[in-house]
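Colleague: Fold the following, please.
(4 chains)
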There are 2 protein chains.
Amino acid sequence: MKNTLPQFYSVFSIDCVLFGFDGGELKILLIERNEEPFKDWWALPGNLVAQDESLDESATRILYELTGLKGVYMEQYYAFGDVDRHPQGRVVTVAYYALLRLSGDKTPKPVSDFAKNAQWINVNDVPKLAFDHQKIYEKGLEKIKRRIKHQPIAFELLPEKFTLTQLQQVYELVLGKKLDKRNFRKKMLNFGILKDLDEKQKGVSFRAATLYKFDKRKYTKLFGKEISF
Amino acid sequence: MKNTLPQFYSVFSIDCVLFGFDGGELKILLIERNEEPFKDWWALPGNLVAQDESLDESATRILYELTGLKGVYMEQYYAFGDVDRHPQGRVVTVAYYALLRLSGDKTPKPVSDFAKNAQWINVNDVPKLAFDHQKIYEKGLEKIKRRIKHQPIAFELLPEKFTLTQLQQVYELVLGKKLDKRNFRKKMLNFGILKDLDEKQKGVSFRAATLYKFDKRKYTKLFGKEISF
DNA sequence: AATATACTGTGTATTTTTTACACTAAGTAA
DNA sequence: TTACTTAGTGTAAAAAATACACAGTATATT
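Modeller: Alright, predicted model coming up:
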């Protein structure tokens, strides 16, 4: 019964838009390709899906190979399948976005063969990208813009302990607009999903802010699902 | 340069969740398979993607072959790629939902080879499905539940001219809950995206209701994008 | 012609949510 | 001690969401 399906030359790949927040900036991880096609171009990190791994597994592996990180929040968001999107054959790619805290040193040293360079680049400075990666990136950004309003994904971009100002920064950067400080705090605290840690920031010039933690338990309890941040 | 990618046995397919509304019920189109694997099981309509067509083109074609309809509203929503989801090999499937008015006679006579039967089945009576189609269907339903709140997809399920009661029915069926008549009408009319046609329903027992039309022009003008229906 | 039937269409008061807006408090650095 | 920088806080007005019930009207029936 195995292998009775028609066959033609086709493969699938995964491409990742890796968002990272590091105290002030929203960035994505780009690699500089070292191989044809699109040698020397910037591109989204990605790779082919292996025969024995699911899409999710593949995405997790690719991210690990690139950053050395596990347990990163990832979400599939769209499949791109234009016939000529890859010059070497038919490649349907499934796009994932990942959200990641760039606390301090954790800036990943990428280790991929076909990349000669990898950098965290501000979302406002993204250069021209290889293949249809421009489109893939834009759709990814769009997705998290929507999703951040209804699901608690902002916390994935922050360290475990964070200040309200940092949380607000994440929202402002993702949504691309300024928010009112008092209204933002009122709303966030009213949800009751932030745990006040009775603890202050350390090692900071000027007045230290209170640290909070996302209370996942309360979140899943209180709301089955639907919120509007 | 062509064909220098690694190759293993893999194909992609499209599966569609075709939603239809016919004056009172929300249904999906299911086919009864006439071939192994899963012979005699109910399944979502779907097929393999051809070598020279994009995912969107393929979805459009498959829908056309099945229903004879063109210009149907379709939207890709997720790729399913578990290793063993298909017993005959590695098949990654890209899922689309489609929304469709089932006005009167237009009930499609499906013409697929491997289907011995096709039926519109109420979303509440969906039987056990072949492959991982249960999961695909559920995710599709979830998607339109979310999307109907922010985008004007309800109108795709209705005839061009519809009554407010019909519109409300669509919302109630998709969301799976009753809505308040007065509040619903107030809200919908306030958006200003419904054109009062100064025309009444015909061929209906009892009092005829006013007919409305979705004003696409006003919709795209007034809101760049974000609404909450 | 009268009546029963079944659906259409409408308003208001209350509560909740959202918005707009500016200064004092606290801690650090010099 | 002072200058600097960020943290932290409240209120009033506007807008949106909710809860709620009955009279109007076209049709079908007798």
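Colleague: need the helices for chain A, in chain order.
Modeller: A:55-67, A:133-147, A:164-175, A:181-191, A:216-222 (DSSP state H).
Colleague: now for the first one, which elements pack on it?
Modeller: In other words, helix A:55-67. When contacts are defined as 3 or more C-beta pairs under 8 Å, 6 or more residues apart in numbering or on different chains; DSSP states H and E, helix A:55-67 packs onto strand A:10-21, strand A:26-33, strand A:46-48, strand A:73-80, strand A:90-101. Placement of C-beta: from N, CA and C, glycine included.
Colleague: buried ones in it?
Modeller: Neighbour-count burial for helix A:55-67 flags A:Leu55, A:Asp56, A:Glu57, A:Ser58, A:Ala59, A:Thr60, A:Arg61, A:Ile62, A:Leu63, A:Leu66, A:Thr67 (criterion: 16 or more other C-beta atoms under 10 Å in any protein chain shown).
Colleague: List the contacts of it.
Modeller: By C-beta atoms under 8 Å, 6 or more residues apart in numbering or on different chains, the list of residues contacting helix A:55-67 from outside reads A:12, A:14, A:16, A:18, A:29, A:31, A:45-47, A:49-50, A:53, A:69-70, A:72, A:74, A:76, A:94, A:96, A:98, A:100, A:108, A:110-112, A:118, B:79-82, B:92.
Colleague: again with the last one
Modeller: For helix A:216-222, the external contacting residues (C-beta under 8 Å, 6+ apart) are A:Pro152, A:Phe191, A:Gly192, A:Ile193.
Colleague: Please apply the same query to the longest one.
Modeller: For helix A:133-147, the external contacting residues (C-beta under 8 Å, 6+ apart) are A:15, A:17, A:19, A:28, A:43-44, A:75, A:77-78, A:80, A:93, A:95, A:97, A:99, A:123, A:126, A:128-129, A:153, A:174-176.
Colleague: Okay, domains of chain A per the record?
Modeller: Residue ranges of the domains in chain A are recorded as A:11-147, A:159-223, according to automatic domain parsing.
Colleague: Any chance of a markdown table for the buried residues of helix A:55-67, columns pLDDT?
Modeller: Formatted as a markdown table, the buried residues of helix A:55-67 follow (pLDDT from 0 to 100):
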| residue | pLDDT |
| --- | --- |
| A:Leu55 | 98 |
| A:Asp56 | 98 |
| A:Glu57 | 97 |
| A:Ser58 | 97 |
| A:Ala59 | 97 |
| A:Thr60 | 97 |
| A:Arg61 | 95 |
| A:Ile62 | 92 |
| A:Leu63 | 91 |
| A:Leu66 | 82 |
| A:Thr67 | 82 |
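Colleague: Which one of those is nearest to chain B?
Modeller: Distance to chain B across the buried residues of helix A:55-67 (C-beta to the nearest C-beta) is lowest for A:Leu55, with 3.5 Å.
Colleague: Relative to A:Ile144, how far out is that closest one?
Modeller: According to C-beta to C-beta, to the nearest Å, A:Leu55 stands 19 Å off from A:Ile144.
Colleague: Same question for A:Ala98.
Modeller: 10 Å.
Colleague: and what of A:Val204?
Modeller: Applying C-beta to C-beta, one obtains 28 Å for the distance of A:Val204 from A:Ile144.
Colleague: Looking only at neighbour counts, state which of those two leads.
Modeller: Ranked by neighbour count (other C-beta atoms under 10 Å in any protein chain shown), A:Val204 and A:Ile144 place A:Ile144 first, with 23 against 10.
Colleague: What does the pLDDT read for that one?
Modeller: The model reports A:Ile144 with a pLDDT of 97.
Colleague: Ok, A:Ala209 next?
Modeller: Reading off the per-residue confidence, A:Ala209 sits at a pLDDT of 97.
Colleague: ok, how many other residues are close to it?
Modeller: Using other C-beta under 10 Å as the criterion, A:Ala209 is surrounded by 14 other residues.
Colleague: what does A:Leu44 give?
Modeller: Using other C-beta under 10 Å as the criterion, A:Leu44 is surrounded by 26 other residues.
Colleague: residues in contact with it?
Modeller: The contact partners of A:Leu44, by C-beta under 8 Å, 6+ apart, come to A:Asp15, A:Cys16, A:Val17, A:Ile28, A:Leu30, A:Ile31, A:Leu129, A:His133, A:Ile136, A:Tyr137.
Colleague: Can you tell me how far it is from B:Ile153?
Modeller: Computed with C-beta to C-beta, the distance linking A:Leu44 and B:Ile153 is 30 Å.
Colleague: likewise A:Arg182?
Modeller: Between A:Arg182 and B:Ile153 the distance is 36 Å, computed by C-beta to C-beta.
Colleague: Same question for A:Ala209.
Modeller: Plainly put, A:Ala209 is 43 Å away from B:Ile153 if you go by C-beta to C-beta.
Colleague: likewise A:Glu53?
Modeller: As judged by C-beta to C-beta, A:Glu53 and B:Ile153 stand 34 Å apart.
Colleague: Looks like A:Ala115 contacts A:Glu32 (just checking).
Modeller: Yes: assessed by C-beta atoms under 8 Å, A:Ala115 is found in contact with A:Glu32 at 6.3 Å.
Colleague: so who does the residue nearest the centre of chain A touch?
Modeller: The C-alpha lying nearest the average C-alpha coordinate of chain A belongs to A:Ala98 (C-alpha atoms, centre = their mean; 2.7 Å). Taking C-beta under 8 Å, 6+ apart as the definition of contact, the neighbours of A:Ala98 are A:Cys16, A:Val17, A:Leu18, A:Phe19, A:Ala59, A:Leu63, A:Val72, A:Tyr73, A:Met74, A:Glu75.
Colleague: can you count the residues close to the first one?
Modeller: The burial metric for A:Cys16, expressed as a neighbour count using other C-beta under 10 Å, is 25.
Colleague: Grab the nearest non-local neighbour of A:Gly20.
Modeller: Nearest residue to A:Gly20, sequence neighbours excluded (C-beta to C-beta, 6 or more residues apart in numbering or on different chains): A:Leu102, at 4.2 Å.
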